[in-house]
Structures are given as C-alpha cells and as structure tokens.
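Novice: no sequence on this one, just coordinates:
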C-alpha cells in the first residue's frame with residue numbers, strides 16, 4: 001500500500017469512527033507510530049482531519065450516535081430505575097469512579113446524599129456536581145470528545161492509572177456471556193484503566209444492551225462484580241451472568257400512584273433489588 005492509499009484509508013476510517021488514537025491507527029494499518037504521525041501531518045495540512053493530543057479526529061462527523069442529550073432520551077425510565085437501584089448500593093463517603101455513559105449519569109443524580117468523592121471523565125457528571133459542597137469532585141484530564149462531553153486520550157487514561165477508588169460505576173455498549181463491548185476503542189482504553197483502579201466494578205446496563213456486541217471489546221466478565229439492569233433483561237442471560245458469580249440486580253420501575261413502594265417486579269427474585277454492601 002502506498003502512502004497516498006494509506007492516507008486515503010485513514011481519512012475514511014476517521015470519517016467512520018470519528019476519533020482515533022495514534023496506537024489504534026498504527027494497529028489498524030500495520031505501520032509504526034512515526035509513519036502514522038507523518039500521515040496525519042499530511043492529512044491535516046490538506047484540511048482533511050484534525051490532529052489532537054494522542055490521535056486525530058474527523059472534521060465532518062455524520063451521525064448523532066454520540067450526542068449525550070440525544071442518547072439520554074433512549075430507555076429513559078429504565079435508566080432512571082437503574083440509577084436509583086445502583087445508588088442504593090453505595091455507602092456514604094465512598095470514592096467512586098463514574099464513566100461517561102448516559103445510564104451512569106442517572107446514577108449520579110442519586111448520589112449527592114452519599115457525600116462521595118467522585119472521579120470522572122464526564123463533563124455532564126462534573127456539571128451536575130459543580131455547585132454542591134457535599135461532593136468532592138475530581139475531573140480527569142484529556143481531550144474533549146466532540147458532542148459527547150467526555151474526556152478521552154492518554155491524559156484521561158493516565159488519570160485513572162494513578163488513583164484507587166472503592167467502586168467504579170460504568171456502562172457499556174453491549175454484554176454477552178463472552179464479555180462487554182463498547183462503541184469506541186478510545187472509550188475502552190479509559191474504561192480498562194477505570195476497572196484496574198477500582199476495588200469493585202458495577203456495570204449499569206439497560207435491557208437493550210443484553211446480547212448485543214459493539215465495535216470494541218472491553219473485557220471479559222471476570223472483573224465485573226455487579227450488573228444493575230431493568231426487569232426487561234432477558235432471563236436466560238441474567239441466569240447466565242449469575243452462574244458466573246455476578247450479582248445481577250433487576251431495578252424495579254418507579255411505582256405508579258397508589259402502588260406500594262416496596263412491591264417487587266415479577267421477574268426479580270427475593271433480595272435481587274435490595275441494597276447490598278459495597
């Protein structure tokens with residue numbers, strides 16, 4: 001492949017994934033980091049891409065896949081139920097890593113009374129706690145991913161590689177019995193650092209993520225301690241996760257007017273939606 005052909009394919013790749021690290025590009029095209037840097041310099045000079053710290057991004061994003069506000073309207077009731085159930089697992093004054101998923105944002109909405117220390121790469125989460133004195137907030141460094149409000153890249157990974165937290169609360173693009181996947185390798189790099197930094201890992205995933213595989217492999221099931229989902233999650237996959245030693249909590253929906261607050265959902269076994277020690 002000539003340099004011109006490779007540069008054309010790099011541009012096409014960035015148009016497709018929107019944002020990529022130097023390491024990702026070097027692996028994808030089977031060349032050295034120095035070659036990728038030269039290719040990106042040529043492409044940026046031609047006005048085809050934008051160089052950023054640790055990688056490059058497209059200048060012409062074509063989808064709304066990563067727009068935070070648009071994504072947050074999907075499965076809204078389920079995300080809010082998951083948020084309440086996950087927050088109930090957290091003990092006062094714990095240190096928490098929160099990733100940039102919209103479901104995790106709904107967990108964050110219920111955490112202020114816990115007076116936690118929160119470490120995040122999510123600007124929406126950071127903004128949520130910006131004016132409250134009850135939460136100690138640490139925001140990672142990194143490059144701002146356009147339209148999602150998430151900090152990515154080597155500086156973000158470095159932040160999480162240098163800390164330890166009691167709990168990591170995270171989401172993903174999909175879960176199967178083979179493991180977890182997400183939509184972008186840059187997000188995966190940071191999430192792996194988050195997992196390594198936490199004593200306990202809680203995955204918050206609505207039922208649409210079950211049985212789904214996204215683009216980039218995140219991890220197997222071994223690092224996951226708890227999965228919090230909604231009552232529409234497929235029972236066979238829930239049972240499969242439990243057989244692997246994962247505590248699966250089925251978040252009850254918000255009670256209707258006049259409904260008993262303590263009522264359980266039909267699919268939730270006794271104890272499945274009770275707060276557990278973190």
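Specialist: Arrived safely. Predicted model only: the values in this text are computed from it and were never measured.

Novice: pLDDT averaged over stretch 15-22 - what is it?
Specialist: Mean per-residue pLDDT for stretch 15-22: 80.

Novice: tell me which residues of it are tucked away?
Specialist: 17, 18, 19, 20, 21, 22 (16 or more other CB atoms under 10 Å). To be clear about C-beta, it is placed using only N, CA and C from the backbone, and glycine gets the same treatment.

Novice: my guess is residue 171 meets residue 107, correct?
Specialist: No. Using CB atoms under 8 Å, residue 171 makes no contact with residue 107, being 9.1 Å away.

Novice: Find residues that contact each of those two.
Specialist: Common contacts of residue 171 and residue 107, defined by CB atoms under 8 Å, 6 or more residues apart in numbering, comprise residue 204.

Novice: how about the buried residues of stretch 15-22, which pair is most distant?
Specialist: For the buried residues of stretch 15-22, with distances taken as CB to CB, the pair at the greatest spread is 18 and 22 (15.6 Å).

Novice: Need the three-state assignment for residue 105.
Specialist: Of the three states, residue 105 takes helix under DSSP: H, G, I helix; E, B strand; the rest coil.

Novice: what's the pLDDT at it?
Specialist: pLDDT at residue 105 comes out at 94.

Novice: Then residue 145?
Specialist: pLDDT, read off for residue 145, is 77.

Novice: In the stretch 51-200 of the chain, where is pLDDT below threshold?
Specialist: 61-75, 146-147 (pLDDT under 70).

Novice: Strands of that one, start to end?
Specialist: 55-58, 95-98, 117-120, 136-139, 143-145, 150-152, 165-170, 174-176, 179-182, 198-204 (DSSP state E, counting those that start in this stretch).

Novice: where along the chain do the helices fall?
Specialist: 3-17, 22-29, 33-45, 68-71, 76-87, 102-108, 123-128, 154-161, 185-197, 235-243 (DSSP state H).

Novice: among those, which is nearest residue 226?
Specialist: helix 76-87 (8.2 Å).

Novice: Show me how far the closest one is from its chain's centre.
Specialist: Mean-position distance between helix 76-87 and its chain equals 15 Å (CA atoms, centre = their mean, to the nearest Å).

Novice: what packs against that helix?
Specialist: Here helix 76-87 is seen to pack against helix 102-108, strand 198-204, strand 226-230, strand 247-251 when contacts are counted using 3 or more CB pairs under 8 Å, 6 or more residues apart in numbering; DSSP states H and E.

Novice: want to try a markdown table for the ones you listed, with distance to residue 30 as columns?
Specialist: Below are the helices and strands packed on helix 76-87 laid out as a markdown table (distance: least, CB to CB, whole Å):
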| stretch | distance to residue 30 |
| --- | --- |
| helix 102-108 | 35 |
| strand 198-204 | 33 |
| strand 226-230 | 36 |
| strand 247-251 | 40 |
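
Novice: Let's have the strands of the stretch 51-200 of the chain in a markdown table, adding mean neighbour count and distance to residue 85.
Specialist: A markdown table is the format used below for the strands of the stretch 51-200 of the chain (neighbours: other CB atoms under 10 Å; distance: least, CB to CB, whole Å):
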| stretch | mean neighbour count | distance to residue 85 |
| --- | --- | --- |
| strand 55-58 | 22 | 36 |
| strand 95-98 | 25 | 15 |
| strand 117-120 | 23 | 18 |
| strand 136-139 | 16 | 23 |
| strand 143-145 | 19 | 28 |
| strand 150-152 | 26 | 24 |
| strand 165-170 | 25 | 12 |
| strand 174-176 | 21 | 17 |
| strand 179-182 | 22 | 19 |
| strand 198-204 | 23 | 9 |
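
Novice: In a markdown table: these, plus distance to residue 79.
Specialist: Listed next are these as a markdown table, based on distance: least, CB to CB, whole Å:
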| stretch | distance to residue 79 |
| --- | --- |
| strand 55-58 | 27 |
| strand 95-98 | 14 |
| strand 117-120 | 17 |
| strand 136-139 | 22 |
| strand 143-145 | 20 |
| strand 150-152 | 17 |
| strand 165-170 | 13 |
| strand 174-176 | 15 |
| strand 179-182 | 17 |
| strand 198-204 | 8 |
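
Novice: what's the closest of those strands to residue 249?
Specialist: Nearest to residue 249, of the strands of the stretch 51-200 of the chain and by CB to CB, is strand 198-204 at 9.0 Å.
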